[in-house]
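**Q** A predicted structure for the sequence below; I have some questions about it.
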Amino acid sequence: MNPQQAPQAFLNANPPVQSDPNQETKITVQDIFQNHGSDYMLKNKATLWGRQKKIIYDITGCMTRKMGGRRFRCQDCRHLMKAYRKCGNRHCPTCGAGIRRKWVRQQIKELLPFPYIHIVFRLPEKVTITLFSNEEKIEVYKAMFDAVNHAIDKVLRRHKLKTSYLAILHTWGSNMSFHVHIHVMIAGYGVKIRNEKVTAFQEITFDAGEMEKHFKERFLKEYKKTSRHKRCIEIENGVRFQTYGHKVPYLPSEQELEDANWKPFIEPITQKREVVIGYLGKYYNRVAITDDDIIALKGGIVQFKGKDDENGSVTIHALKVEEFIRRFLRHEIPSRFRHIRPCGLAATRNKELLKKVRMQLDSLVADVPALSQFLYSVAKPSQFLTEDNEIEFKSRRCKKCGGLYQYEYDIEPEGYDGFNTSRGGDDDG
């Protein structure tokens with residue numbers, strides 16, 4: 001059943017039984033949605049659109065009977081095991097680990113044997129405060145990616161070099177606030193290529209002032225073409241309006257946008273390259289918060305930890321459940337929008353060229369002691385493949401006797417007809 005066709009049945013279902021408050025259990029985003037998702041949808045049904053409802057449905061039903069699954073029985077001791085399907089929603093923190101491992105393995109194969117640099121491009125709050133609909137988000141996000149590529153391309157053209165980098169859209173701050181910025185992980189060295197052969201490589205100098213100028217000019221040029229900006233300039237500054245039930249101020253004057261802080265953050269990464277990939281992996285298939293960041297849910301208050309942007313220390317935040325869900329849904333990624341983009345030599349159209357460049361650089365960089373440590377510090381892809389194979393092998397073994405599970409039949413999905421949220425796993429039935 002389509003979740004958008006059965007909202008009332010979903011809302012009218014009995015809530016799940018609350019666990020013992022004295023018993024310490026790990027709280028997840030799914031737990032919060034299972035216990036409070038129906039109340040939130042009932043109170044905010046006028047402001048929620050279909051895709052946000054689907055996020056609640058999917059996270060609530062992930063790896064439960066709602067999604068269906070398969071039934072297995074041990075060949076030796078006849079122990080029964082039911083494995084329920086994952087929702088596959090990219091906003092779900094429950095089922096992203098396996099996809100994340102595959103993505104990390106792929107990125108390792110495409111790394112250049114150079115030190116990397118971390119650059120963060122941020123949008124001023126005056127731009128992001130009015131973004132609610134997916135149409136507006138897509139327009140602004142596209143303009144931002146275009147401005148980031150333009151700023152980096154200007155620097156590379158000045159050096160007459162080519163290099164590889166990843167741009168990752170990130171929309172949340174440490175307290176789940178709406179803070180739009182793009183992380184760029186770029187090789188600190190560029191190469192000169194002629195007829196698909198590397199003729200030289202040299203270090204790239206990134207100047208924050210220069211990149212700010214190019215990023216700001218290009219973004220404002222593209223932003224003025226968006227429907228959001230056109231609607232904003234038609235109304236006198238300071239007028240308040242209603243968007244999907246949210247009261248927000250209109251965009252300030254163009255002069256205030258000019259005076260806003262557009263300067264990017266630039267930091268060289270001194271760790272080895274596998275650390276770079278681990279850092280990137282945290283942002284793949286993730287939205288707003290991970291289950292590991294949630295500390296507790298008590299009295300309708302969600303406590304979670306986040307990193308302070310200024311000094312890097314861990315801080316504890318507390319939000320009411322309704323506000324927690326609202327902020328989580330605010331970070332919805334528009335459908336089919338690519339929020340992680342390989343660029344430069346890593347772009348899809350340059351995959352074959354990248355392979356040839358990496359093969360040539362492996363021998364060239366090995367003769368440079370200052371760079372060779374980065375070449376040999378990468379974990380071999382086979383290690384990651386072995387890890388995945390071990391996980392798959394253990395999942396097929398009986399927890400009681402170690403025997404192999406044998407498939408019996410498929411379990412049909414129950415659909416979105418209520419909060420029947422029993423998790424998959426062992427069952428003696």
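**A** Sure thing, it's come through. Numbering: from 1, shown residues only.
**Q** Please report how far the spatially most central residue of the chain lies from Asn175.
**A** Centroid-nearest residue in the chain, with Cα atoms, centre = their mean: Arg286, separated by 3.2 Å. According to Cβ to Cβ, to the nearest Å, Arg286 stands 16 Å off from Asn175. To be clear about C-beta, it is placed using only N, CA and C from the backbone, and glycine gets the same treatment.
**Q** quick one, helices of the stretch 301-429 of the chain?
**A** Counting by DSSP state H, counting those that start in this stretch, residue ranges of the helices within the stretch 301-429 of the chain are 321-330, 351-365, 369-375, 381-395.
**Q** Flag the shaky bits of the stretch 51-200 of the chain, pLDDT-wise.
**A** For the stretch 51-200 of the chain, the stretches with pLDDT under 70 are 97, 130-134.
**Q** And the strands in it?
**A** For the stretch 51-200 of the chain, applying DSSP state E, counting those that start in this stretch gives strands covering 69-74, 80-84, 116-122, 164-172, 178-187, 189-194, 197-203.
**Q** want to try TSV for these, with distance to Ile152 and mean neighbour count as columns?
**A** TSV is the format used below for these (distance: least, Cβ to Cβ, whole Å; neighbours: other Cβ atoms under 10 Å):
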stretch	distance to Ile152	mean neighbour count
strand 69-74	45	18
strand 80-84	44	18
strand 116-122	8	20
strand 164-172	7	21
strand 178-187	7	21
strand 189-194	11	18
strand 197-203	15	14
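**Q** quick one: which of the ones you listed is nearest Lys142?
**A** Closest of those to Lys142 is strand 164-172, at 10.3 Å (criterion: Cβ to Cβ).
**Q** re the thing from before, between the strands of the stretch 51-200 of the chain, which one is nearest to Phe328?
**A** strand 164-172 (9.0 Å).
**Q** Check which helices and strands that closest one sits against.
**A** Under the contact definition 3 or more Cβ pairs under 8 Å, 6 or more residues apart in numbering; DSSP states H and E, strand 164-172 sits against helix 134-159, strand 178-187, helix 273-283, strand 340-344.
**Q** Beyond the third one, next helix or strand please.
**A** Taking DSSP states H and E as the definition, the helix or strand that follows helix 273-283 towards the C-terminus is strand 294-298.
**Q** Just the angle for that following strand relative to helix 321-330, thanks.
**A** With axes from the mean of the first three to the mean of the last three Cα atoms, to 10 degrees as the basis, strand 294-298 and helix 321-330 are set at 140 degrees to each other.
**Q** tell me which residues in strand 294-298 are buried?
**A** Ile294, Leu297 (16 or more other Cβ atoms under 10 Å).
**Q** One more: stretch 150-166?
**A** Using 16+ other Cβ under 10 Å as the test for burial, stretch 150-166 gives His150, Ala151, Ile152, Val155, Leu156, Leu161, Lys162, Thr163, Ser164, Tyr165, Leu166.
**Q** now, which of these sits nearest Glu408?
**A** Nearest member of the buried residues of stretch 150-166 to Glu408, counting by Cβ to Cβ, is Leu166, at 43.3 Å.
**Q** wait, what's in contact with Gly37?
**A** Neighbour list for Gly37: Ile56, Ile59, Thr60, Ile325 [criterion: Cβ atoms under 8 Å, 6 or more residues apart in numbering].
**Q** make it 7 Å
**A** The contact partners of Gly37, by Cβ atoms under 7 Å, 6 or more residues apart in numbering, come to Ile56, Thr60.
**Q** do you know how far it is from Ile55?
**A** To Ile55, Gly37 is 10 Å away according to Cβ to Cβ.
**Q** One more: Gly96?
**A** Applying Cβ to Cβ, the value for Gly96 to Ile55 is 14 Å.
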